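Undergrad: this is a predicted model, with the sequence first.
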Amino acid sequence: MGRLAVLALIFLSVESFMLSPRLLPQRCVRWSLGMMTSSDQATAQIMRTAVNNLDSSAVSTLLEAGESMDEVTTNAAFWAVVNAINLAEQQDKPLSAEVPRMIHHIFDADFRNLQNREQLRTNVTCMQPALEGAASFGNSIGYLMDDLTHQDLPLKEGRKCEGGTCCDECSRNIFPTFALPNECNPEQFPGLNQFTFNEVEKVATATILQFVRLIERVRRTIAYEYGLQLDTILPLQAYSRKYVAGTTQQGGGGGEGDFVILHTDESTHASYHYSSVLYLSTQDEDFGGGNFVFNDPAKPGSEGEPETNKEDDFEPKSLAEEMAHARRKGRDLKPFHPTRGAAVVFSSGWENMHEVEKLTWGTRYAVPCFFTTCPVPEGAYAQMVVGKPKTDEDIADDWLHLLLAHRREEPQESVGRVKELLMKWHYMCTPLSQHPKSEQASEAAAKAMAEAEALGRAQAEANAAAAEKANADLEANRSEKAEAYTATKAQQAEALQAQADQRKVAAQTQAPQAQAPPAAAAAAAPAAQIVNPYANWQSAVDPATGNTYYYDTVTGRTSWTWPPELN
C-alpha cells in the first residue's frame, strides 16, 4: 500500500473520530482490514494516532476488530493521558471521561503484554497455624521478637484467609521482567522510589499514574494466577520502601532499615491475603546483600537439615555465626536476587514465610503491596460524600479528587482520601461494565421483583375473581333461561288445554247425537262398540322447540310420540 493511501487513511480516521466517534471508526477499521491486511505497521500507526488523540472509542473499535495495543502504543497512550490531565489542571477544568476510558485500555494492554513475559511459578501447599485461640496468638506474635520462634510455629495444611474469599491453591511467582526498564526509571518518574498515597501534593502526575499502573498490574496478575474475580481483590497497602545499609528500622513497615525479620504477611495482618514486591533497584549495582528469601522447613536429607557428628560443630563460633547457623538449622532457604523491574507475587499465608537479608552496602528500593479479598461493607460507600461512580464522568472525578489533584492536605484529610481511594480502586480502574452490582442495587432489584410478584398475585386474584363472577353470571343466566323455558312450556300447556276444552264444548253443541232407526238398532249395537281410540287426537308444532307433538281434543292430553299411550 502506498504512502499516500496510508496518510489518507490516517487523516480520515482522525477526522472521522472527531465527527462521529461511534460510526465512522468502524468504517475506517473495515477499510484498514480490507486494504492493509499485509501492513501491520500501517494498522499500528492508526492505533497510535487514535491513542495520541485520546480517542477511546476509536481504540475500542480497533480492539474489537482484533487489533491490539503493543508496548509502544500503550506507552504512547499513557503519555497522552498524562498530558490531558496536566492540561485540565492548568486550565482548572474537570477531567474528560476519555481519560479513565483510555486508562482502562492501558491497564488491559499492560496485563496482556505481561502474559508474554517470563513467569517462574512454584506451587506450594497452603498452610495455617495448627493451634487455636490464645495459643495460636502467642505463637504467631513471637515473630515480633524472635524469628526463630516464628519459623517453629506449628502449622497444618489449609488456607486461613480470614474474612475473605481466597483460592484454595497457593504459590509463589517470580517475574524477572514485571516492569520494563523505562517503566521504573526514577529519572522518568521522579519520586517513584519514595512514593506513598498519603503525600501526592508535590508528586508529578506521571509518577502518580505510573505507580497506580504498576499496582493494578499486580492486582490483575493475582486475579489471573489464583482464578479470582477481579472485583473481589483490593489493595490494602502499597508504598515504596527504602532500605539503607547500616541503619535500623524505625516505626512501621515503611521505615528505613537494612533487613526484614522472618515473618508471614497474613500473620502480620489477618486481612493480607496476597502479597507482592516490585523491585526498583538492582543487586550488586545499587546495593549489596539484601536477598529476598523464602524460608521453608527443610525436607529430611536436604541441605537445610542440620548435620550431626561433625567436628566443627564443637568449635567456638562468633555470635553472628551462631545466629546464622541457628537460622539455617532445619530450614530450606530459597533466595531471590532483586533486579530493577522484577517482582515476586505470592499467597500471604504461612506457606510463604519470608525475610530480607541484611544489606552490606548501598540503598535498596522496593514496592511492597498487600491485597485483601475481604469485601467492603456497603455502608462504607454510603458514608462517602460521593459514593460509587455511576458514569464515566463520575470515574474521572474520582481520579481527579482522590489522586491527581495537587492540593495541600491535613494528615487526617489524607488518611480519609487514601481510605476512600483503596475502597474505590476497582471502580476507578475498570469500566462501568465490570463494576459489581451493589447490595443496594440487589436489594432494589429484589424489591422490584417482590413488587412484581405481588402485583402478579394481585392480578391473578383479580383474574380469578373475574372468572368466578363470569361463571356465576353464566350460571345465573342459564337458570333464568331454564326458568323462562319452564314458564313458557307451562303457558303453552295451559293454552293447549284451553283450546282442547273449547273444541270439546264446540263438538258437544254443534254435533247432535244420531238416532238409529228402531228396526236397525239391534243390528247396529255390536258395530257401535268398535271405536277408533285416536279419533280425537291431532298434531301441532311446539313454537319453542319446533318439534311436533300430539294432543287429545277432548281430554286435552298431550304426547311427544305417536301413537300416544292410552290409559
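TA: The structure has been received and is ready for your questions.

Undergrad: contacts and neighbour counts: CA atoms only from here.
TA: OK.

Undergrad: how is residue 271 assigned, secondary-structure-wise?
TA: Here residue 271 is coil, with the state taken from DSSP: H, G, I helix; E, B strand; the rest coil.

Undergrad: spatially nearest residue to it (excluding sequence neighbours)?
TA: Using C-alpha to C-alpha, 6 or more residues apart in numbering and skipping the chain neighbours, the partner closest in space to residue 271 is residue 372 (5.6 Å).

Undergrad: ok, what's across the strand from the one you found?
TA: Per DSSP bridges, the residues bridged to residue 372 are residue 234.

Undergrad: neighbours of it, how many?
TA: For residue 372, the count of nearby residues is 25 (other C-alpha atoms under 10 Å).

Undergrad: same question, residue 544
TA: Using other C-alpha under 10 Å, residue 544 has 10 neighbouring residues.

Undergrad: please enumerate the strands of the stretch 301-450 of the chain.
TA: 331-336, 343-347, 354-356, 359-372 (DSSP state E, counting those that start in this stretch).

Undergrad: what residues are up against the residue nearest to residue 271?
TA: Each residue near residue 372 by C-alpha atoms under 8 Å, 6 or more residues apart in numbering is listed here: 164, 233, 234, 235, 236, 271, 272, 273, 274.

Undergrad: low-confidence bits of the stretch 401-550 of the chain, can you list those?
TA: Along the stretch 401-550 of the chain, the model assigns pLDDT under 70 to residues 438-453, 456, 460, 474, 478, 481-482, 484-486, 488-489, 492, 505-531.

Undergrad: spatially nearest residue to residue 398, not counting backbone neighbours?
TA: Excluding the flanking residues, the one nearest residue 398 by C-alpha to C-alpha, 6+ apart is residue 428, at 7.0 Å.

Undergrad: an error on my part: the question was meant for residue 226.
TA: Residue 226's closest residue in space is residue 167 (C-alpha to C-alpha, 6+ apart), at 5.8 Å.

Undergrad: if you rank every helix and strand of the protein by mean pLDDT, what lands last?
TA: helix 24-35 (a mean of 38; mean pLDDT, DSSP states H and E).

Undergrad: quick one: the helix or strand containing residue 60 to chain centroid distance?
TA: In the assignment (DSSP states H and E), residue 60 maps to helix 56-64. With C-alpha atoms, centre = their mean, to the nearest Å as the basis, helix 56-64 stands 23 Å off its chain's centre.

Undergrad: next one: stretch 401-417
TA: With C-alpha atoms, centre = their mean, you get 30 Å for stretch 401-417.

Undergrad: quick one: end-to-end length of that stretch, please.
TA: Across its full length, stretch 401-417 reaches 9 Å end to end, with C-alpha to C-alpha, to the nearest Å as the criterion.

Undergrad: spatially speaking, which residue is in the middle of this structure?
TA: Centroid-nearest residue in the chain: residue 436, 4.5 Å away (criterion: C-alpha atoms, centre = their mean).

Undergrad: for that residue, which non-adjacent residue is closest in space?
TA: Closest to residue 436 by C-alpha to C-alpha, 6+ apart is residue 231, at 6.9 Å.

Undergrad: now the next helix-or-strand element following the least confident helix or strand of the chain - C-alpha only, CSV.
TA: Sequence order places helix 40-52 as the next helix or strand after helix 24-35, per DSSP H and E. Extracted C-alpha coordinates of helix 40-52, given in CSV (Å, rounded to 0.1, in the frame of the first residue of the first chain):
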residue,chain,number,x,y,z
ASP,A,40,0.9,-4.4,10.3
GLN,A,41,2.9,-1.2,10.5
ALA,A,42,0.1,0.9,9.0
THR,A,43,-2.5,-0.6,11.3
ALA,A,44,-0.3,0.1,14.3
GLN,A,45,0.0,3.6,13.1
ILE,A,46,-3.7,4.0,13.0
MET,A,47,-3.9,2.7,16.6
ARG,A,48,-1.2,5.1,17.7
THR,A,49,-3.0,8.0,16.0
ALA,A,50,-6.1,7.1,18.0
VAL,A,51,-4.3,6.9,21.3
ASN,A,52,-2.4,10.2,20.7
